[in-house]
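Undergrad: Provided below for reference: sequence and predicted model.
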Amino acid sequence: MYRSPLLRRSLAAGLLLIVSGLPTALFAQAAPADAPKPAAAPQPAAGAPAKVAAAGRPEFPRLLPPETLAYVRVVNAPEVREEWFKTAMGQMVQDPQFKPLWDQMFTAVESAFTPVREKIGLSVNELLTLPKGELGFAVVPINEAAPAVLLLIEAPDDDANVSTLIDRGRTLLTEDGWVEESEQVGDATLNMFRRGAGNQERIIYLRRQGVLTIGNNIDAFKHLLDLWNGGAETTLADQPAFVTLERLIGKAEGAPAQISWFVDPINLVRALNARNAAAAVGMAMLPALGLDGLTALAGSFTFNRGQFEVIGQAYLLLDVPRGGVLELIALQPTETDPEPWVTDRVANYSTFTWDFERTYNKLRELVDSFAGEGTFRRQTVENLLKNIDVDLEKDLLPELDGRVSFLVSIQEPVVFESRNQLWGFHLKPKHKLDGVMKKFLDKVGDKLETKGFAGVTYYQVKGPTEEEAAQQNEADTQGRRRPRRVQIGMARPAFCLLDDCLLIGDGSAVIEQALSTLAGGSGRLADSLDYKLIASKAKRYAGEQGPGYVAFNRPDEEMRYLHGLALSEQAGKFLTSNENNRFLNDINQALADRPPPPLEVLTRYFAPGGSILVDEPTGVRFLSFVLKRDQGK
């Protein structure tokens, strides 16, 4: 919907490039040392990336204790950067018609980063391309203390940017009153900064064998060094849950994933709240709620592998059997054929099947087991829809088939509110929702407009009258330092009963688009070859059980929205609505100086993608992918 000020601000600031292109900065090839500041936009390397190996050093998961609470690892940052530039997005930012705009937008990012650069001595490009090999971050438990953090950056010991970062950090800390110390641990020297004499708050760093390690606890460093030197203790790489999850999501198309992460959620929350008495009471309830059966969560991400631009995976590992809250998960194998009212112009379409009655009954049992029989119904259900004389348990849940579909479509002309959403709730054959609808209309009909389209009646929430709108605008203006310069349309939900579906949209346009598609006024997604391809791959990767959730994405439609928004008068007014925001003004200037190329130049890079959720005996599996497309070059 993008109607909140924060989302609008984020979207407008991104427009075409920051939303879609800034992630390149995270994996970009570093600019030459003599490049002007702000640095030019990142470029792909001329040849294959060279990994700077730390001879004899164990990989990051073998430097961490088995009790590690959270972990993120990039196996080889230069390789990830290189593979990213081979994806559609990476090739798009190198397109001669797009690159000038990208360069100017990246310069705006560097300019906004100037105050930080002046302190740390590194630009955005230099900072984010610091890793020349492995990159890792972890949160590890410490006895009788708060969890410690560790950051590992593989870079040569003589790397000038690493030296600059350390020297500037030393200056900033000592000027702020931190005391510099050191401690010898075996053959390694730990360099430390303590916040005043007797204070236990520390920042520690170690440069060793082509690796910079930064952390905040000396015991964590001592344990890391013991493992580094061949200590016989078990590590995170030997932890059963970690091993299981690496087996499930650690590879993409037969090769190791490029980026991986792992979280032990329950122990992480326990460690973070160990000294919080109120939190300790809540943590003591976890077994009764069944949440102690949430074993671990992990995922991975890979660029340019096989037939895929991107492959993302995640797995929620659960105890068997499930109990308590985890029994509320009621994902069921779903039909994947799009409904006849789904247009082929969707930006996103997803469908899933959920046993709502099972979830409701399990939730009622769980609440009543703590609060007494009948409590859940009395305090929640009976109050939920009482104003419209509808009983959730008796009137609504029995009528739901379980399948729910959701779509996003872009309406013309493109403005902030053009991104419309529609939900479709499938009903059982011979459902009785007509009676529920009548009750609802009898109660709130005066707040709705009755409309018709393609022979179907639908209802929409009434908008404010001209007098009410004028009063609201005046109140808004008085409540702000400056009058509103960009008017964003207010969402006016609409709904209708369409055969065995209840459709609910965030406006009339998306409802009428669905009705027009059903009547044959536009192409249907069910006939789309792109969708059929994605759905077939989704079923294949879901296995014999089949997916419980399937999603279809069209990046070219999302790009159509961003492209139209970047060229819109509305976006221009927003970007200039705050004269003191240099970053937004720089973006507006970049769009004025170098307008985006024609839409067809950009959309030719994009292919459809999809994702699935599968509820398996040991947990819930997620897979997301985007296909490659031949640009015909």
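TA: Thanks, I have the structure now.

Undergrad: isn't residue 269 right up against residue 283?
TA: Yes - counting by CB atoms under 8 Å, residue 269 touches residue 283, with 7.0 Å between them. Where C-beta positions appear, they are placed from N, C-alpha and C, glycine not excepted.

Undergrad: remind me which residues of this protein are low pLDDT?
TA: Applying pLDDT under 70 to the chain flags residues 1-55, 198, 232, 465-490, 630-633.

Undergrad: for residue 231, which three-state class applies?
TA: coil (DSSP: H, G, I helix; E, B strand; the rest coil).

Undergrad: for the residue most central in space within the chain, which non-adjacent residue is closest in space?
TA: Central residue of the chain (CA atoms, centre = their mean): residue 312, 11.3 Å from the mean position. In this structure, residue 312 finds its nearest non-sequential neighbour in residue 624, 4.1 Å apart by CB to CB, 6 or more residues apart in numbering.

Undergrad: surely that neighbour and residue 552 touch.
TA: No - contact criterion CB under 8 Å: residue 624 and residue 552 do not qualify, at 11.4 Å.

Undergrad: who's more crowded, the two?
TA: In this view residue 624 and residue 552 are compared by other CB atoms under 10 Å, and residue 552 has more residues nearby, 27 against 19.

Undergrad: what strands line up against the strand or helix carrying the more buried one, and which way round?
TA: Per DSSP states H and E: residue 552 is located in strand 549-553. Here strand 549-553 is paired, per DSSP bridges, with strand 346-354 (antiparallel), strand 609-616 (antiparallel).

Undergrad: would you list every one of the helices in the stretch 201-350 of the chain?
TA: 218-228, 240-249, 265-272, 277-284, 286-289 (DSSP state H, counting those that start in this stretch).

Undergrad: will you turn these into a markdown table that also has mean neighbour count and distance to residue 506?
TA: Shown next, in a markdown table, are the helices of the stretch 201-350 of the chain (neighbours: other CB atoms under 10 Å; distance: least, CB to CB, whole Å):
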| stretch | mean neighbour count | distance to residue 506 |
| --- | --- | --- |
| helix 218-228 | 19 | 48 |
| helix 240-249 | 18 | 34 |
| helix 265-272 | 16 | 33 |
| helix 277-284 | 11 | 36 |
| helix 286-289 | 15 | 34 |
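
Undergrad: out of these, which is closest to residue 556?
TA: Residue 556 lies closest, by CB to CB, to one member of those: helix 240-249, at 28.2 Å.

Undergrad: report the beta-bridge partners for the residue nearest to residue 312.
TA: Beta-bridge partners, per DSSP bridges, of residue 624: residue 312, residue 611.

Undergrad: how much space separates residue 75 from residue 61?
TA: 11 Å (CB to CB, to the nearest Å).

Undergrad: secondary structure element for the closest residue to residue 413 other than its chain neighbours?
TA: With CB to CB, 6+ apart as the criterion, residue 413 has its nearest non-adjacent residue at 7.2 Å, and that residue is residue 564. Applying DSSP H and E as the criterion places residue 564 in helix 555-566.

Undergrad: next, the angle from that helix to strand 609-616.
TA: Interaxial angle, helix 555-566 versus strand 609-616 (axes from the mean of the first three to the mean of the last three CA atoms, to 10 degrees): 120 degrees.

Undergrad: my read: the residue nearest to the centre of the chain touches residue 299, true?
TA: Yes - at 7.0 Å, residue 312 and residue 299 qualify as touching, with contact defined as CB under 8 Å.

Undergrad: spatially nearest residue to residue 418, not counting backbone neighbours?
TA: Nearest to residue 418 is residue 411, by CB to CB, 6+ apart, at 4.7 Å.

Undergrad: what's near enough to touch the one you found?
TA: Contact analysis of residue 411 by CB atoms under 8 Å, 6 or more residues apart in numbering lists 418, 419, 420, 509, 510, 513.

Undergrad: same thing but 7 Å
TA: 418, 420, 509 (CB atoms under 7 Å, 6 or more residues apart in numbering).

Undergrad: what's the closest non-adjacent residue to the second one?
TA: This points to residue 420. Closest residue in space to residue 420, ignoring its immediate chain neighbours: residue 510 at 3.9 Å, by CB to CB, 6+ apart.

Undergrad: hang on, that neighbour in a strand?
TA: No - under three-state DSSP, residue 510 sits outside any strand and is assigned helix.

Undergrad: any idea which of the strands paired with strand 549-553 gets closest to residue 257?
TA: strand 609-616 (16.2 Å).

Undergrad: now the closest one against helix 240-249, angle please.
TA: Computed with the same axes, to 10 degrees, the direction of strand 609-616 lies at 140 degrees from that of helix 240-249.

Undergrad: list the contacts of strand 609-616.
TA: By CB under 7 Å, 6+ apart, strand 609-616 touches 329, 331, 534, 537-538, 541-543, 545, 547-553, 555, 620-627.

Undergrad: of the residues you listed, just the buried ones, PyMOL syntax please.
TA: Here is the PyMOL command that selects the buried residues among the contacts of strand 609-616 (16 or more other CB atoms under 10 Å):
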select buried, resi 329+331+534+537+538+541+542+547+548+549+550+551+552+553+555+620+621+622+623+624+625+626+627
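
Undergrad: surely residue 556 meets residue 605?
TA: No - Residue 556 is beyond contact range of residue 605, at 8.5 Å (criterion: CB atoms under 7 Å).

Undergrad: quick one: secondary structure of residue 382?
TA: Residue 382 is classified as helix under three-state DSSP.

Undergrad: all good on my end, thank you.
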